[in-house]
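J.: below are the sequence and a predicted model for it; my questions follow.
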Amino acid sequence: MKRVLSTSSLLAVGVGATAAYWLSNKPNRIKAESLLKDWKRKIMPTVYQKSEQLPIDKGGNPHPLDVEDNKMVDEGAQYSVQFYNEKLQ
């Protein structure tokens, strides 16, 4: 018994083939990506805004009495200087 393709399945194959052909061009992929990002921002504005912000609480201004944080920063600075000196020699 042969099965006849329905109109909806032919339409889905046609849409898929057209999309694949259109996305094979790099400028079209960039356009589609920016369009999807814009739609995502419009649909979920609060979630998208929170993900773009950096979680910096005290960046660049450590408290002088926070010994552990100051110790960590000091060790990090020593590592980079040591690395630079080794590369220079």
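T.: All right, it came through fine.
J.: dihedrals phi and psi, residue 6?
T.: phi -80, psi 170 (degrees, to the nearest 10).
J.: residues contacting it?
T.: Residue 6 makes no contacts at all, as judged by CB atoms under 8 Å, 6 or more residues apart in numbering. Any C-beta I mention is one placed from the backbone N, CA and C, and that applies to glycine too.
J.: one more time with 10 Å
T.: residue 12 (CB atoms under 10 Å, 6 or more residues apart in numbering).
J.: ok, now how distant is it from residue 19?
T.: 20 Å (CB to CB, to the nearest Å).
J.: by mean pLDDT, which helix or strand of this protein comes out lowest?
T.: Ranked by mean pLDDT, DSSP states H and E, the weakest helix or strand in the chain is helix 45-52, scoring a mean of 58.
J.: where does pLDDT dip in this protein?
T.: 1-4, 45-62, 73-78, 80 (pLDDT under 70).
J.: show me how the record splits it into domains.
T.: Domain assignment for the chain by automatic domain parsing gives 7-52, 61-89.
J.: tally of neighbours for residue 64?
T.: Residues near residue 64, counting by other CB atoms under 10 Å, number 7.
J.: and for it, nearest residue in space, chain neighbours not counted?
T.: Nearest residue to residue 64, sequence neighbours excluded (CB to CB, 6 or more residues apart in numbering): residue 70, at 7.4 Å.
J.: how much space separates that neighbour from residue 79?
T.: 15 Å.
J.: the two - which one has more neighbours?
T.: Set residue 70 next to residue 79 and count neighbours by other CB under 10 Å: residue 70 wins out with 13 against 10.
J.: how is that one assigned, secondary-structure-wise?
T.: Recorded secondary structure, residue 70: helix (DSSP: H, G, I helix; E, B strand; the rest coil).
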